[in-house]
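Colleague: kindly generate the corresponding structure for this input.
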Amino acid sequence: MCVENTPPPASRLTRRGILAGAAALAGTTAALSAVAPRTAAAADDGRTGRGPSTGRATTGDLVVEGGTLLDPATGEVTEDAVVVIVDGVVRAAGARGRTHVPDGIEKLDAHGRWILPGLVEAHIHLSTAAEAREAVLKGATSARSGSTSFYQDIAVRELARQVPQLAPRLRAAGVFVTPDLGDTILADPDLTPLARLKDGVRSPEALRRVVEVNLARGADVIKTRVNERAGLPEQDPLAQVYDREQLSAIVAAARRRGKGVLCHSYSEKGCQDAVMAGVRSIEHGAFIGERTLHEMKRRGTYFTPTLAAMAGMADSSDPILAERGRTFLAAAKKRALAAHEVGVPLAAGTDSSGGEVDPIGREVELMREAGLPALDAIRTATTGAAKLLGLETRAGRLARGFAGDVVLVDGDPLADVRVLKSPKRVVRSGVAL
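Modeller: Next up, the predicted model:
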């Protein structure tokens, strides 16, 4: 049985209804309602806030001054630096004496601290407005979703566009392309025809269907898997659920709309099949092989090892998960370092989910523990991850034209990357939080 004769995904009107439900689940509607009076008042009294009353995002004008500025792209360190943000965008950044500071702009004192661009989280599951806000406060001002069950990440993305201070700038993945959709089948009437498939979402037609429905709902990327989950003790994370041909069908459907695919992978063969199928990034990849790493380098395929998730699993009270976490973390650290040495582009992602948001700085710490030099570890959560997300001209640096997203930390991150786990202040789109 297949879905070849099922009508295409429904109209924009239906999309709006579905996404309104996702917004309600995520709590983004309530979050917008709570800030609407404040942003409207800011617009009325001439301040820089621009919210729902004007139809524009809430951005700010701010000068961050006096700290030590690190440019991850070049490694350049500037003492007594100034970053000038106007309408949420960096207008100038550099040494105080060589950087013009306009009059009348609010100033944020950064003396004694280091100034870095807002960090970029390449794999996180944001299902609520509260999680999104927590991610920002922990330093992740841009992010890529690893999927949600009912399109909540698409609602979070829209929240970020209207009030950036409430959520990271987000690349949303919509719902997971997986053999068993479970309750996700209830997320969308255009997914319900798949419920009659005896073997689940496995045929080329069914795989294309989930991709097409995701894209019709506004997904920016597609998330799929090649292996079972590591975080469920009853599953074997080295067991393969899709073969190369099935993965190729998913990639082809996404590419027709110019979208990339991130793939949950652990086993060597699974990673190899995913890379050869053309995925944009390998997620987890604890046992990825040397041959596959060289192929990734050749293709420009990214590696997001999600070390923080494996470290968290190692602390589990379940003995199966704890042992799995220790084994997978040790293997993934070796693979991350091998990838770096081969020249595979790396991106930092915590794989946070279920209401617990790890600071993206924790992933940078684990990259450093794996053996990456401090600057390269920082790049996995700045310039490297930004390029994976297609944000290389907007995020990952504090330079003219880039987003006015800043983290201030106590201490030199080049000497000790652990300072990134506890930002002392975060600026999102020119507004200090």
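Colleague: in the stretch 101-250 of the chain, which spans are helices?
Modeller: 129-137, 152-162, 204-216, 244-255 (DSSP state H, counting those that start in this stretch).
Colleague: out of those helices, which gets nearest to R394?
Modeller: R394 lies closest to helix 152-162 among those, at 12.8 Å (CB to CB). C-beta coordinates here come from the backbone N, C-alpha and C atoms, glycine included.
Colleague: any idea of the angle the closest one forms with helix 204-216?
Modeller: Put simply, helix 152-162 runs at 20 degrees to helix 204-216, going by axes from the mean of the first three to the mean of the last three CA atoms, to 10 degrees.
Colleague: may I see the buried residues of helix 152-162?
Modeller: The neighbour-count check on helix 152-162 (16 or more other CB atoms under 10 Å) flags 152-160, 162 as buried.
Colleague: and it, what other elements does it pack with?
Modeller: Secondary-structure packing of helix 152-162 (3 or more CB pairs under 8 Å, 6 or more residues apart in numbering; DSSP states H and E): helix 12-26, helix 28-44, helix 129-137, strand 140-145, strand 169-171.
Colleague: from the contact counts, what lies against the shortest one?
Modeller: Here strand 169-171 touches strand 140-145, helix 152-162, going by 3+ CB pairs under 8 Å, 6+ apart.
Colleague: orientation of the longest one relative to strand 140-145 in degrees?
Modeller: It stands for helix 152-162. 150 degrees.
Colleague: between helix 129-137 and helix 152-162, find me the angle.
Modeller: Angle between the axes of helix 152-162 and helix 129-137 is 60 degrees (criterion: the same axes, to 10 degrees).
Colleague: pLDDT below threshold where in the chain?
Modeller: Counting by pLDDT under 70, the chain shows low-confidence ranges at 1-6, 11-15, 36-56.
Colleague: domains for it, by residue range?
Modeller: Listed by automatic domain parsing, the domain ranges of the chain are 57-118+396-433, 119-394.
Colleague: I'd like the ones you listed laid out as TSV, including distance to T29.
Modeller: Formatted as TSV, these follow (distance: least, CB to CB, whole Å):
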stretch	distance to T29
domain 57-118+396-433	16
domain 119-394	8
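Colleague: among those domains, which is the most enclosed?
Modeller: Most buried of these, by mean neighbour count (mean count of other CB atoms under 10 Å): domain 119-394, with a mean of 22.
Colleague: make JSON lines out of the helices and strands packed on strand 169-171 and add distance to G258.
Modeller: Shown next, in JSON lines, are the helices and strands packed on strand 169-171 (distance: least, CB to CB, whole Å):
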{"stretch": "strand 140-145", "distance to G258": "16"}
{"stretch": "helix 152-162", "distance to G258": "17"}
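Colleague: please name whichever of these is nearest to G218.
Modeller: That would be helix 152-162 among the helices and strands packed on strand 169-171, by CB to CB, at 5.4 Å.
Colleague: re the thing from before, figure out which of the helices of the stretch 101-250 of the chain is closest to L321.
Modeller: Evaluated over the helices of the stretch 101-250 of the chain, closeness to L321 peaks at helix 129-137, with 22.1 Å, by CB to CB.
Colleague: sorry, back to before: looking at the helices and strands packed on helix 152-162, which is closest to P117?
Modeller: Across the helices and strands packed on helix 152-162, P117 has its closest neighbour in strand 140-145 (8.0 Å, CB to CB).
Colleague: identify the residues contacting that closest one?
Modeller: By CB atoms under 8 Å, 6 or more residues apart in numbering, the surrounding residues in contact with strand 140-145 are 117-126, 135, 153, 156-157, 168-173, 221, 223, 262, 349, 359-360, 385-386, 388-389, 391, 394-396, 403, 405, 407, 426, 428.
Colleague: gap between that strand and the chain center?
Modeller: Chain-centre distance of strand 140-145: 4 Å, with CA atoms, centre = their mean, to the nearest Å.
Colleague: quick check: chain neighbours aside, which residue is closest to A332?
Modeller: Of all residues not flanking A332 in the chain, A286 sits nearest, at 4.3 Å (CB to CB, 6 or more residues apart in numbering).
Colleague: my guess is the one you found contacts R335. True?
Modeller: Yes - here A286 reaches R335: they are 6.4 Å apart, a contact under CB atoms under 8 Å.
Colleague: intersection of neighbour lists for the two?
Modeller: If you check A286 and R335 against CB under 8 Å, 6+ apart, the residues they both contact are P305.
Colleague: and G60, how far is that from G430?
Modeller: As judged by CB to CB, to the nearest Å, G60 and G430 stand 3 Å apart.
Colleague: list the residues that contact both of these two?
Modeller: Contacts common to G60 and G430, judged by CB under 8 Å, 6+ apart, are 48, 85, 87-88, 404.
Colleague: E79: what's it in contact with?
Modeller: Residues counted as contacts of E79 (CB under 8 Å, 6+ apart) are 68, 95.
Colleague: got a markdown table for the helices and strands packed on helix 152-162, with distance to P319 too?
Modeller: Output for these, formatted as a markdown table (distance: least, CB to CB, whole Å):
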| stretch | distance to P319 |
| --- | --- |
| helix 12-26 | 34 |
| helix 28-44 | 38 |
| helix 129-137 | 29 |
| strand 140-145 | 31 |
| strand 169-171 | 36 |
